[in-house]
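Asker: here is a sequence together with a model predicted from it:
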Amino acid sequence: MGFGGEDIVRDYIARYSNWGRWGEEDQLGALNYVGPDQIVAAAGLVRQGRVVSMGLPLDLRGPQVGAFRSNPLNLMTATGTDYVAGLQDPLPADWGPAFGFGFADDFLVMPNQSGTQWDSLGHIFFEGKMFNGFDAGLVTANGAQKNSIAACQDRMIMRGVFLDVARHHGVEALEPGYAITPDDLDATAAAEGVEVRTGDCVIVRTGLLGARRGKWGDYCAGPAPGLSLHTAPWLADHEVAAVATDTWGCEVRPNEIELFQPLHIVALVHMGLHFGEIWDLEPISADCAADGVYEFLLSAQPLPISGAVGSPLNPLAVK
């Protein structure tokens, strides 16, 4: 049984799949475009010594409304109020008298993709397979044996190119359902005076996160502006290493065809692009508009969670 738009998806897969391109055991995908030359060039973009975070705070005020994931919960196991009440004297674990010493401790409970995050190449399956043809059954209750986020724990440093599509269109936020086209990306890059090159992470602002902050509603999984399925050839032709946006799922919602999240199928599963989602792009939007610099060293390391198919992170633009 087919689906509406099947011919388009299968054509893009046939034309742009990177399965086997970097070897049968490759788990990095398009991150292979980032080599020493690209990293050295990206490091050369650091001229002002300014760092801008693109990470949303991890707390209960985040975007999740419980339909699919929950917001992060930080739990305190030792506090300053315990200390001032004398409850830490003597110290735990037979450490002896406190002599004025005290401490705080906590732990975090959260889905790996509840806030600013990376999708790993083991996150999405299509017709029984994930990136590079690995069987979906290799992701078990013990985690992903292939395409875990840990495979790229030291690879998410590269040139970041910020395409502020919302600002280019002169709006606070693009309308939900607006499909960002290759022409939008090219026009925004031209207006900003920036060129997309091999091994870049392309970071696209729709404005949706800024518009919804604090009143999230259907931000997660609801109608949203985002990348069109038809940006797949553009991403392939530019040899983009990764893509990130300020929306729940990077691509336009509702989807343009019947298949759920078709750009994930083409670009993540077959081209091997890691998707960055729920990035807070309001501070970097203001910063780039102020100095006119839309390229920077991007440091966006995932946590090295063994077997995980996604990871929270705090992506940093270093200018």
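Answerer: Noted; the coordinates are in hand. Residues are numbered from 1 along each chain as shown.

Asker: any idea how far Lys319 lies from Leu185?
Answerer: Distance, Lys319 to Leu185, using Cβ to Cβ, to the nearest Å: 21 Å. For every residue, glycine as well, the C-beta is placed using N, CA and C.

Asker: cool, Gln113 as well?
Answerer: For Gln113, the distance to Leu185 - Cβ to Cβ - is 25 Å.

Asker: so how many other residues sit close to the residue nearest to Phe3 when sequence neighbours are not counted?
Answerer: Spatial nearest neighbour of Phe3, excluding adjacent residues (Cβ to Cβ, 6 or more residues apart in numbering): Glu258 at 4.3 Å. By other Cβ atoms under 10 Å, the residues close to Glu258 number 12.

Asker: relative to Ser17, how far out is Glu258?
Answerer: 21 Å.

Asker: can you check Phe260 too?
Answerer: 19 Å.

Asker: what does Pro57 give?
Answerer: Counting by Cβ to Cβ - Pro57 and Ser17 are separated by 37 Å.

Asker: cool, and Ala289?
Answerer: Ala289 is 37 Å from Ser17, by Cβ to Cβ.

Asker: more neighbours: those two, which one.
Answerer: Ser17 (18 against 12).

Asker: spatially nearest residue to the more buried one (excluding sequence neighbours)?
Answerer: His270 is the one closest to Ser17 (Cβ to Cβ, 6+ apart), at 4.2 Å.

Asker: what does that neighbour show for phi and psi?
Answerer: phi -100, psi -40 (degrees, to the nearest 10).

Asker: that one contacts Arg21, doesn't it?
Answerer: No: using Cβ atoms under 8 Å, His270 and Arg21 do not qualify as a contacting pair, with a distance of 10.6 Å.

Asker: and those two? which has more neighbours close in?
Answerer: Between His270 and Arg21, counting by other Cβ under 10 Å, His270 is the more crowded of the two (27 against 13).

Asker: what distance do you get for the more buried one to Asn18?
Answerer: 7 Å.

Asker: for Phe296, which three-state class applies?
Answerer: Classification of Phe296 by DSSP: H, G, I helix; E, B strand; the rest coil places it in strand.

Asker: show me the domain layout of the protein.
Answerer: 6-66+113-318, 73-109 (automatic domain parsing).

Asker: mean pLDDT for these - can I get that in a markdown table?
Answerer: Listed next are those as a markdown table, based on pLDDT from 0 to 100:
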| stretch | mean pLDDT |
| --- | --- |
| domain 6-66+113-318 | 98 |
| domain 73-109 | 96 |
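
Asker: what's the most buried one of these?
Answerer: Of these, the one with the most neighbours on average (mean count of other Cβ atoms under 10 Å) is domain 6-66+113-318, at a mean of 19.

Asker: span of it from start to end?
Answerer: End-to-end distance of domain 6-66+113-318: 41 Å, with Cα to Cα, to the nearest Å as the criterion.

Asker: do stretch 203-217 as well
Answerer: By Cα to Cα, one end of stretch 203-217 lies 24 Å from the other end.

Asker: now stretch 105-114
Answerer: Using Cα to Cα, the end-to-end distance of stretch 105-114 comes out at 22 Å.

Asker: name the SS class of Gln301, please.
Answerer: coil.

Asker: ok, it to Ser311 distance?
Answerer: From Gln301 to Ser311 the distance is 9 Å (Cβ to Cβ).

Asker: and Asp106, by the same measure?
Answerer: Distance from Asp106 to Ser311, by Cβ to Cβ: 19 Å.

Asker: right, and Ala104 touches Leu75 too?
Answerer: No: using Cβ under 8 Å as the test, Ala104 is too far from Leu75 to be in contact (11.9 Å).

Asker: list the contacts for Ile265?
Answerer: Val9, Ile13, Ile124, Phe126, Leu259 (Cβ atoms under 8 Å, 6 or more residues apart in numbering).
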